[in-house]
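[1] Everything below, folded, please.
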Amino acid sequence: MPELPEVETILRGLAEHALGRRVTGVEVRNRAVIMGAAADFVRNIAGKLIAGLERKGKVLAVRLSGKNPEAPRYLVVRLGMTGQVTVTPREAPLEPHTHVRLALGAGNEELRFRDVRRFGRLRCCTRRELEAVFARLGPDAREITEEQFLAALRGRRGAIKSWLMNQQSLSGIGNIYADEALFAARIHPLTPAGYLPLAAARRLHRAVKRILDRAIAWGGTSVRDYRNAEGRPGDFLSELRVYQRTGEPCRRCRRPIRRLVISGRSSHFCPHCQPRPRRALPPGRRTRSFAGR
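    Sure, this is the predicted structure:
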């Protein structure tokens, strides 16, 4: 699933290839990915200028300005699990599961939204509605200060892995970067969030920012479907230390990486570099450990 680094990479690609261009045509090929009426979606986007881009967590917002002095509209993009936003030559063959096309200017390119599993959504809304979307999210994982991070952890009883992925606590992190940040900070994924020692919590805050910045520098992680705005995969996969490396040697200590299922989600960790603390959550019915894949 695309996470903060992937959405930020797409934002930067759109800034290079789409910012300042006018949407001269809109085609909705699958209404299921549109929130609200498809006719309203087309009417509110067609003819608008792509005037700005912003992001909070995994949510991308494209500011659209009209020819008249009217309030801007915002195209809100949620990629879901397999969503892709690319700037593509108009004559390029249409890939299966391409649901929306936005023609850009008088040139020969268009913005395409493609989503194999169709969990992604597009919405055109006002600034007030966008602010309501952002308000439901926790602080952006790349922007959060250490003080905010420590305050958000205080009193939390769930596993630190689950807390990192809770978009109301901290927006932008999913399975990949939660695993990588916990490994970098040497914290076991079952450690209760509110019982992290102060030094460990500070290490984790630094690790989150460092991992996200590195992933952005590499263009994100393509495990399966993710592509950037130019249609190319991200290159951070080779840099992953624990995610989906069950049974492989740890790149620090050479011990085997293990996999733990927490609330139905896989967690990858090194039991030597990330020792389980005395105060750790019990495995529970839905949590179990694997020595192999």
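[2] Surely Gly36 is in a strand?
    No. With DSSP: H, G, I helix; E, B strand; the rest coil as the criterion, Gly36 is coil rather than part of a strand.
[3] For the stretch 151-293 of the chain, just list every one of the helices.
    160-165, 175-185, 198-217 (DSSP state H, counting those that start in this stretch).
[4] Tell me which of the ones you listed sits nearest to Leu153.
    helix 198-217 (5.8 Å; Cβ to Cβ). From N, CA and C alone the C-beta is placed, and that goes for glycine too.
[5] still on that earlier bit, out of the helices of the stretch 151-293 of the chain, flag the one nearest Leu79.
    Across those, closest to Leu79 is helix 175-185 (Cβ to Cβ), at 13.8 Å.
[6] what is the mean pLDDT for the closest one?
    The average pLDDT for helix 175-185 rounds to 98.
[7] and the angle from that helix to helix 198-217?
    130 degrees (axes from the mean of the first three to the mean of the last three Cα atoms, to 10 degrees).
[8] Which secondary structure elements does helix 175-185 sit against?
    helix 160-165, helix 198-217, strand 265-269 (3 or more Cβ pairs under 8 Å, 6 or more residues apart in numbering; DSSP states H and E).
[9] Quick one: the helices in the stretch 1-150 of the chain, in order.
    4-17, 38-45, 127-135, 146-153.
[10] Just the endpoints, please. Distance across stretch 122-129?
    14 Å (Cα to Cα, to the nearest Å).
[11] Give the buried residues for it.
    Leu122, Arg123, Cys124, Cys125 (16 or more other Cβ atoms under 10 Å).
[12] Figure out how far it is from the centre of its chain.
    Its chain's average C-alpha position is 19 Å from that of stretch 122-129, according to Cα atoms, centre = their mean, to the nearest Å.
[13] what's next to that stretch, contact-wise?
    By Cβ atoms under 8 Å, 6 or more residues apart in numbering, the residues outside stretch 122-129 that reach it are 33-36, 40-41, 44-45, 64, 71-78, 100, 113, 133.
[14] Buried by neighbour count, from these: which ones?
    Buried among the contacts of stretch 122-129 (16+ other Cβ under 10 Å): 33-34, 41, 44-45, 64, 72-78, 100, 113, 133.
[15] Tell me which of the buried residues of stretch 122-129 fall in strands.
    Leu122, Arg123, Cys124, Cys125 (DSSP state E).
[16] For Ala193, which residues are in contact?
    Leu153, Arg156, Arg157, Gly158, Ala159, Ile160, Ser162, Trp163.
[17] Among those residues, find the lowest-pLDDT one for me.
    Arg157 (87).
[18] Count the residues that sit near that residue.
    Neighbourhood size, Arg157 [other Cβ atoms under 10 Å]: 10.
[19] Which one (most neighbours) among the contacts of Ala193?
    Ile160 (29 neighbours).
[20] how close does that residue sit to Arg206?
    Ile160 sits 15 Å away from Arg206 when distances are taken as Cβ to Cβ, to the nearest Å.
[21] May I have the residues that are in contact with His272?
    Per Cβ under 8 Å, 6+ apart, neighbours of His272: Cys250, Cys253, Arg255.
[22] That one and Phe183, how far apart?
    Taking Cβ to Cβ, one finds His272 at 11 Å from Phe183.
[23] Find the nearest non-adjacent residue to Glu91, please.
    What sits nearest to Glu91 in space, not counting adjacent residues and going by Cβ to Cβ, 6 or more residues apart in numbering, is Asn108, at 6.9 Å.
[24] Leu19 contacts Leu53, doesn't it?
    Yes. Between Leu19 and Leu53 there is a contact at 6.6 Å, judged by Cβ atoms under 8 Å.
[25] Thanks a lot, see you next time.
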